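# need a 3D model of the following:
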Amino acid sequence: MAETSQRKRIWGWYFFDWASQPYNTLLLTFIFGPYFAQVATGALVEGGMAENAANAQAQAYWGYGLTVTGVIIALLAPILGAISDSTGKRMPWIWVFSVAYVIGAAGLWWTAPADFSVLWALFFFGLGLVGMEFATIFTNAFLPTFGPKEELGRISGSGWAFGYLGGVIALVIMIALFQATDSGKTMVGLSPLFGLDTESRADTRIVGPFAAAWFAIFMIPFFLYIRDTPNAVSTKYRFGSGLSDLIDTLKRLPQTPSLFAYLGSSMFYRDALNGMYTFGGIYAFGVLGWAPVDVGVFGIIAALSGAIFCWVGGRVDRAIGPKPVILTCCIALMGVAILIVSLTPTSVMGFAVPLGSTLPDTMFYVGGAIIGAAGGALQASSRNMLTRQGNPARMAEAFGLYALSGKATAFMAPFLIAVTSDITGDQRLGVSPLIVLFLIGIIMLIWVKPEGDHA
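Numbering: from 1, shown residues only. Predicted structure coming up:
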């Protein structure tokens, strides 16, 4: 019975990844992000701005919106984690932020081109993103309770692979049944489900309510099988106490140099990876001239690659530990960043190709597959690495610090991309800061001990 119960707990935990992944896949990267760029660009062009400048400005709007969201998450994540550890309560927080996820995602329905508001679009998107990120902190904190540390890499990788699979299925449903191509039919030749109007882009805006409904339905196994562990020394919710605990932990960080270096390294490489996810679809739309369906296919390739290599990476992690997996993935992703910056409709890596050549598109698809594979394995092993670096008795706080390290500079990639796009007026050059961020993350891994400070 105990084994069966643990198996149910693990599968319940997996379902959070399955339920939440469409926010990244459908909203952040492949459907709503490019839609936002298209509609914002159209509004700017109608206002008299040149198309190239409008593309760069739309990318800048998206970047500034994500900057604000990242700052909010960075400020509150470690405090909420500290409060959670002090009280022994994680599930109430997961409920609260799950509601924020659903409201934020559903609110994206009200972003029709006719009355489009950049501010309201970014508000609803940011609310849902905050909900997802904060819920992730508390769900990740359950990972060390699922088995010995030797098995946590496999469990983390399998969970991330399951999440990617959910993202793939959600994306396939979206482009097969809802989102219309230029012909007015979906990719499989059907009219958009429920008679959704293509003129008002309802066939694309439905992605918000769809992601909200997906999350609400597939969180049921999580809430059925995951319970808080009783804490004999738990206290009442006190914001001041949580803040005090956090300050004490931050003061002690220099005494744990491996954890300190790991938080710093992951701060940069995760920021760069999120920049890839966030701006990939927008980049393809603006630089290569892709249609939403093309971006959707790109997303399916990346997500399938991610699902496969998360599972594989979890097994490699179990065999050799998370640090080699993290290092290999960072190097691969930095190479992809260099490739992407080099792509134009008429050149690849500085070499000219004939106008109309499919090689730039093909290379972007290849880059997407590598991003999915390396990005998924990187995130799964990074989650496991923290269980080796953090204090087992303060794991929610550790994941709060992990979120802080991810979000303290989470505004950096969007901000640097936004500013670079603004200054150069070139969307392609706008993403070049990602190369530097990956390089910094790789260098800082030198000081990270594979088993943490107490090995």
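
# which residue ranges form the strands in the protein?
With DSSP state E applied, the chain shows strands at 347-348, 351-352, listed in chain order.

# adjacent strands (with direction) for the last one?
Right, the one you point to is strand 351-352. If you go by DSSP bridges, strand 351-352 pairs up with strand 347-348 (antiparallel).

# residues contacting the partner strand, please?
With contact meaning CB atoms under 8 Å, 6 or more residues apart in numbering, strand 347-348 is reached by 342, 353, 359-360, 363. From N, CA and C alone the C-beta is placed, and that goes for glycine too.

# will you turn those into JSON lines that also has pLDDT?
Formatted as JSON lines, the contacts of strand 347-348 follow (pLDDT from 0 to 100):
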{"residue": "342", "pLDDT": "81"}
{"residue": "353", "pLDDT": "84"}
{"residue": "359", "pLDDT": "86"}
{"residue": "360", "pLDDT": "82"}
{"residue": "363", "pLDDT": "86"}
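
# of the residues you listed, which belong to helices?
When the contacts of strand 347-348 are checked against helices using DSSP state H, the ones located there are 342, 359-360, 363.

# contacting residues for residue 90?
Applying CB under 8 Å, 6+ apart, one finds that residue 90 lies in contact with 84, 138-139, 141-142, 228, 396.

# leaving aside the residues adjacent along the chain, what's closest to it?
The shortest distance from residue 90 to any non-neighbouring residue, by CB to CB, 6 or more residues apart in numbering, is to residue 138 (4.2 Å).

# that neighbour and residue 276, how far apart?
With the distance defined as CB to CB, to the nearest Å, residue 138 ends up 26 Å from residue 276.

# can you show me the helices along the stretch 351-455 of the chain?
If you assign secondary structure with DSSP state H, counting those that start in this stretch, the helices in the stretch 351-455 of the chain sit at 359-389, 395-407, 412-424, 427-430, 433-444.

# and those helices as JSON lines, adding distance to residue 284?
Below are these laid out as JSON lines (distance: least, CB to CB, whole Å):
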{"stretch": "helix 359-389", "distance to residue 284": "6"}
{"stretch": "helix 395-407", "distance to residue 284": "25"}
{"stretch": "helix 412-424", "distance to residue 284": "15"}
{"stretch": "helix 427-430", "distance to residue 284": "10"}
{"stretch": "helix 433-444", "distance to residue 284": "15"}
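
# quick one: closest of those to residue 62.
Comparison of these against residue 62 by CB to CB identifies helix 412-424 as nearest, at 7.4 Å.

# what angle sits between that closest one and helix 433-444?
Counting by axes from the mean of the first three to the mean of the last three CA atoms, to 10 degrees, helix 412-424 lies at 140 degrees to helix 433-444.

# and helix 412-424, what's buried?
Neighbour counts over helix 412-424 (16 or more other CB atoms under 10 Å) mark 412-418, 420-422 as buried.

# list just the nearest of those residues to residue 314.
Sorting the buried residues of helix 412-424 by how near they are to residue 314, with CB to CB, puts residue 413 at the top with 26.2 Å.

# distance-wise, check that closest one relative to residue 269.
For residue 413, the distance to residue 269 (CB to CB) stands at 11 Å.

# residue 145 now?
Distance, residue 145 to residue 269, using CB to CB: 27 Å.

# looking at these two, which one has more neighbours?
When residue 145 and residue 269 are compared on other CB atoms under 10 Å, the one with more neighbours turns out to be residue 269, at 27 against 15.

# that one against residue 332, yeah?
No - between residue 269 and residue 332 there is no contact under CB atoms under 8 Å: 11.4 Å.

# tell me where the stretch 151-300 of the chain is predicted with low confidence.
For the stretch 151-300 of the chain, residues meeting the criterion pLDDT under 70 lie at 230-246, 249, 278-283, 285-287, 292.

# which stretches in it count as helices?
Under the criterion DSSP H, counting those that start in this stretch, helices of the stretch 151-300 of the chain are mapped to 202-205, 207-218, 220-225, 239-252, 257-287, 292-320.

# out of these, which is closest to residue 428?
Of all the helices of the stretch 151-300 of the chain, the one in closest proximity to residue 428, counting by CB to CB, is helix 257-287 (5.2 Å).

# buried only: go through the contacts of residue 90 for me.
Using 16+ other CB under 10 Å, the buried members of those are 84, 138-139, 141-142, 228, 396.

# which single one of those residues is nearest to residue 159?
Top of the list for closeness to residue 159, among the buried ones among the contacts of residue 90 and by CB to CB, is residue 139 at 9.5 Å.

# grab the nearest non-local neighbour of the closest one.
The shortest distance from residue 139 to any non-neighbouring residue, by CB to CB, 6+ apart, is to residue 16 (4.6 Å).

# can you get me a residue count around residue 120?
Here the count is done by other CB under 10 Å, and residue 120 has 14 residues near it.

# thought it was touching residue 110?
Yes - with contact defined as CB under 8 Å, residue 120 counts as touching residue 110 (7.0 Å).

# give me the phi and psi for residue 345.
phi -60, psi -20 (degrees, to the nearest 10).

# so what's it closest to, chain neighbours aside?
In space, residue 345 comes closest to residue 360 once its chain neighbours are excluded; the distance is 5.8 Å by CB to CB, 6+ apart.

# list the contacts of stretch 358-367.
Defining contact as CB under 8 Å, 6+ apart, one finds that stretch 358-367 is touched by 284, 288, 290, 294, 298, 301, 336, 339-340, 343-348, 353.

# and that stretch, what's buried?
For stretch 358-367, a neighbour-count test (16+ other CB under 10 Å) marks 360-361, 363-365, 367 as buried.
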